[in-house]
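1. what would the 3D arrangement of this be:
(2 chains)
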Amino acid sequence: MNIFADFQTHVAAILTGIVQDGRLPADLDLTRFVVEPPRDTTHGDLATNAAMVYAKEAKASFGSPRELATEIAFSLAKIETVDQAEVAGPGFINIRLKTVLLEKVLRQSILKRDDFGRGGLARVQDIGSVNVEYVSANPTGPMHVGHGRGAVFGDALAALLSFAGTEVAREYYINDAGAQVDVLARSAFMRYREALGETIGEIPEGLYPGDYLKPAGAALAAKYGRKLLDQPESEWLELVRTTTIDAMMDMIREDLAALNIKHDVFFSERSLTRGAQGDVIGAVIADLRARGIVYEGRLPPPKGQVIEDWEDREQTLFRSTEFGDDIDRPLMKSDGSYTYFAADIAYHKSKVDRGFTTLIDVWGADHGGYVKRMQAAVAAVSQGKAKLDVKLCQLVKLMRMGEPVKMSKRSGDFVTLREVVDEVGVDAVRFMMLFRKNDATLEFDLAKVIEQSRENPVFYVQYAHARGSSVMRQALAAFPDLDITPQALAEAKLDLLSDEGEQGLIKLIAQYPRQIDAAALAHEPHRIAFYLHELASAFHSHWNKGKDQPQLRFVNEERRELTLARLALISSLTGVLASGLRILGVSAPLEMR
RNA sequence: GCACCCGUAGCUCAGCUGGAUAGAGCGCUGCCCUCCGAAGGCAGAGGUCAGGGGUUCGAAUCCCUUCGGGUGCGCCA
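-> This is a model prediction of the structure:
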């Protein structure tokens, strides 16, 4: 249950009443106002700006926003869960709830457990089913840390959307069709020769030098012996390419699995031209050409940079300018093959054809220049029915004690994701990747994330969960026969939770469903990480008060009823922490070791 | 030259799609804690929200512009 959403409905109903009286215009957009926690908690439990938002429309019947606010507040005050509703400032309405309502929220959060906060988005609006495409790293080597950020982000976003009540598919686009996979095949072939005892020396410029191809070469040697050695490249290329891509994808899947990431669909770019459907890209282009969106034409050379071999020629162009792009985009290379963009159009059309209406692509920030054309393409192939949101993930700067980490040469010129995961663990990697907005660069300090201190947000949040669990154990030690099942806790005398700190925690817990909805709607999983940090902080802070004021401690051996009520709060709190952490893919430990 | 992203406390960053007196951690200053609910606690100082204009009841948030940083700019993916 989401009290913010509930009161959004209440206020909308009151406004509708005023509309029916003819004192507000009939076409009033009732989604414009918000019900939110007030900045200052002394103002009350909820606040709405409704009267100010509709000030203009209300001018005819109401002298000022405050006048409209007064009328809304009057109606709100009649709701039985409302203790008080008063107008403040320029026209805010501050609502103070009866404690029974917050107690009800607490009770529900205990009884619903994992379902508290779930499914809110589905009730608010129909998002349709969502396709999240993330990682999509080229199958030419192990994943590096930058890939990891996109991977964790996409995975958490998918989990968040799913929790919020939308259908979600997690998808990986395998770029297995371009020139670089041929380079991969040639690189693997070098390792194949090496595995058969040849001295290959330095890997030639332009090929992939990394050691990670050695196993692939050895596998080829084991499978084909010396058979391929004397064949021309045209004979072995496809064979080697296919097996090597498979090996690379296995490696990538392992890297992802180490982060607990699993995709539903791996979509092969190659399948768009060589699959059962034949040349899908050609078909899509033909279709768009018939609609006048693809044409033959010339492009001006780009300004501000010199392209030496610029050749002014007529080419096949996608009319992306019609959908907001800066320039029309080529679909065919001069050698007659499709551009990457052409394939990507067909791929995104496939998503649309499979029924997705919200497409989310997670890319590295260096692909920012590609966003407009892809959105144009989605608009074109879906006839405007599907929306593409592209989430760009910025760089990750690896640090150790404040110093930049030197790049390892062992497996190329980057630090692999696997190295980092092995060093600091999944939880630290996932949480830190999400404890920042996706489009802000991220400083990741390998030393700090494993520290057990307040400075380390991963530890701080996990510790809150562990501390809560520890309270439960302590309570059972003090009252061995205590029934702490959710049913029993929900029946505790929750009105005993009268301390300011306890009330603050309850109000924060009541915000969880709203945080989920807002984060899901904005496609911003980092909000959950920050919310959890805030919740943990409030808990630790209240806990610390128990040092000077023993009467605030959760377990009170003299007062069984009070202890039970406080355990109810703890149970709700750890439930929300665990729920949020699960969305982020971070474990919620029962104790810190 | 053009497009996109970023610019908030000394540092690293939030700021709930336009709301009330702009927040957190680190660092800094002061006090408390060595009778373990202290893998610390409390309090305080610190801001031209890069600069300037605009939109309106109200702007860190939206628009324009300047400056500064990043990314990209047929036939790479």
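2. could you list the low-confidence segments of the stretch 351-500 of chain A?
-> In the predicted model of the stretch 351-500 of chain A, residues A:407-414 satisfy pLDDT under 70.
3. can you give me the strands in it?
-> Counting by DSSP state E, counting those that start in this stretch, the segments of the stretch 351-500 of chain A that form strands are A:358-364, A:387-393, A:396-400, A:403-404, A:442-445.
4. parallel or antiparallel, which strands does the last one pair with?
-> In other words, strand A:442-445. Strands adjacent to strand A:442-445 in the sheet, as given by DSSP bridges, are strand A:396-400 (parallel).
5. leaving out the residues flanking it, which one is nearest to residue A:387?
-> Nearest residue to residue A:387 in three dimensions, chain neighbours excluded: residue A:358, at 5.8 Å (CB to CB, 6 or more residues apart in numbering). Where C-beta positions appear, they are placed from N, C-alpha and C, glycine not excepted.
6. beta partners of the one you found?
-> Under DSSP bridges, the beta-bridge partners of residue A:358 are residue A:130, residue A:387.
7. and the closest residue to residue A:476 other than its chain neighbours, what is it in contact with?
-> Nearest residue to residue A:476, sequence neighbours excluded (CB to CB, 6+ apart): residue A:482, at 6.2 Å. For residue A:482, the set of contacting residues under the criterion of CB atoms under 8 Å, 6 or more residues apart in numbering consists of A:475-476, A:560, A:563-564, A:567.
8. just the ones of those residues in helices?
-> Here DSSP state H is the test, and these give A:475-476, A:560, A:563-564, A:567 as lying in helices.
9. run a quick neighbour tally on residue A:479.
-> Burial of residue A:479, expressed as a neighbour count using other CB atoms under 10 Å, amounts to 16.
10. ditto for residue A:111
-> Taking other CB under 10 Å as the neighbour definition, residue A:111 ends up with a count of 15.
11. so which bits of the stretch 451-593 of chain A are right by RNA strand B?
-> Applying the criterion CB under 7 Å from any atom of the strand, the portion of the stretch 451-593 of chain A that neighbours RNA strand B consists of A:452-455, A:463, A:466, A:471, A:514, A:518, A:521-524, A:526-527, A:530, A:537, A:540-544, A:546-547, A:553-555, A:591-593.
12. show me just the buried residues among these.
-> A:463, A:466, A:471, A:514, A:518, A:523-524, A:526-527, A:530, A:537, A:542-543, A:553-555 (16 or more other CB atoms under 10 Å).
13. picking up where we left off before, most packed of the strands of the stretch 351-500 of chain A?
-> Of all these, strand A:358-364 carries the top mean neighbour count, a mean of 22, counting by mean count of other CB atoms under 10 Å.
14. for that strand, the distance to its chain's centre please.
-> Using CA atoms, centre = their mean, to the nearest Å, the mean C-alpha position of strand A:358-364 is found 10 Å from that of the whole chain.
15. how about stretch A:280-287?
-> Computed by CA atoms, centre = their mean, the chain-centroid distance of stretch A:280-287 equals 32 Å.
16. near RNA strand B, anything from stretch A:280-296?
-> No. Contact between stretch A:280-296 and RNA strand B, assessed by CB under 7 Å from any atom of the strand, is absent, since the two come no nearer than 12.4 Å.
17. looking at chain A, which residue ends up farthest from its center?
-> For chain A, the largest distance from the centre (CA atoms, centre = their mean) belongs to residue A:230, which lies 49.9 Å off.
18. relative to residue A:265, which of the contacts of residue A:482 is nearest.
-> Lowest distance from residue A:265 to those (CB to CB) belongs to residue A:567, with 43.8 Å.
19. distance check, the closest one against residue A:465.
-> Residue A:567 is 15 Å from residue A:465, where distance means CB to CB, to the nearest Å.
20. over to residue A:116?
-> Spatial separation of residue A:116 from residue A:465 under the definition CB to CB is 15 Å.
21. and these two? Which one has more around it.
-> Neighbours of residue A:116 and residue A:465, each counted by other CB under 10 Å, are more numerous for residue A:465; the result is 27 against 21.
22. shouldn't the more buried one be in contact with residue A:577?
-> Yes. With contacts counted by CB atoms under 8 Å, residue A:465 reaches residue A:577, the gap being 4.5 Å.
23. between the two, what contacts are shared?
-> With CB under 8 Å, 6+ apart, residue A:465 and residue A:577 have common neighbours A:536, A:588.
24. low-confidence ranges in the stretch 51-200 of chain A?
-> In the predicted model of the stretch 51-200 of chain A, residues A:123-126 satisfy pLDDT under 70.
25. quick one: the helices in it?
-> Secondary structure of the stretch 51-200 of chain A (DSSP state H, counting those that start in this stretch): helices located at A:55-58, A:65-77, A:99-112, A:120-124, A:145-164, A:179-195.
26. out of those, deepest packed?
-> Sort those by mean neighbour count, taking mean count of other CB under 10 Å, and helix A:145-164 sits at the top with a mean of 25.
27. anything in that one near RNA strand B?
-> No. With CB under 7 Å from any atom of the strand as the threshold, helix A:145-164 lies outside contact range of RNA strand B, at a closest distance of 11.6 Å.
28. convert that helix to PDB, retaining C-alpha atoms only.
-> Extracted C-alpha coordinates of helix A:145-164, given in PDB (Å, rounded to 0.1, in the frame of the first residue of the first chain):
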ATOM      1  CA  VAL A 145      34.900  -2.700 -15.800                       C
ATOM      2  CA  GLY A 146      33.000  -0.300 -18.000                       C
ATOM      3  CA  HIS A 147      30.900  -3.100 -19.400                       C
ATOM      4  CA  GLY A 148      30.300  -4.200 -15.800                       C
ATOM      5  CA  ARG A 149      28.600  -0.900 -15.000                       C
ATOM      6  CA  GLY A 150      26.200  -1.200 -17.900                       C
ATOM      7  CA  ALA A 151      25.600  -4.800 -17.000                       C
ATOM      8  CA  VAL A 152      24.800  -4.100 -13.300                       C
ATOM      9  CA  PHE A 153      22.700  -1.100 -14.200                       C
ATOM     10  CA  GLY A 154      20.700  -2.900 -16.800                       C
ATOM     11  CA  ASP A 155      20.200  -5.900 -14.600                       C
ATOM     12  CA  ALA A 156      19.000  -3.800 -11.600                       C
ATOM     13  CA  LEU A 157      16.800  -1.700 -13.800                       C
ATOM     14  CA  ALA A 158      15.100  -4.800 -15.200                       C
ATOM     15  CA  ALA A 159      14.600  -6.100 -11.600                       C
ATOM     16  CA  LEU A 160      13.200  -2.800 -10.500                       C
ATOM     17  CA  LEU A 161      10.700  -2.700 -13.400                       C
ATOM     18  CA  SER A 162       9.700  -6.200 -12.800                       C
ATOM     19  CA  PHE A 163       9.200  -5.500  -9.100                       C
ATOM     20  CA  ALA A 164       7.200  -2.400 -10.000                       C
END
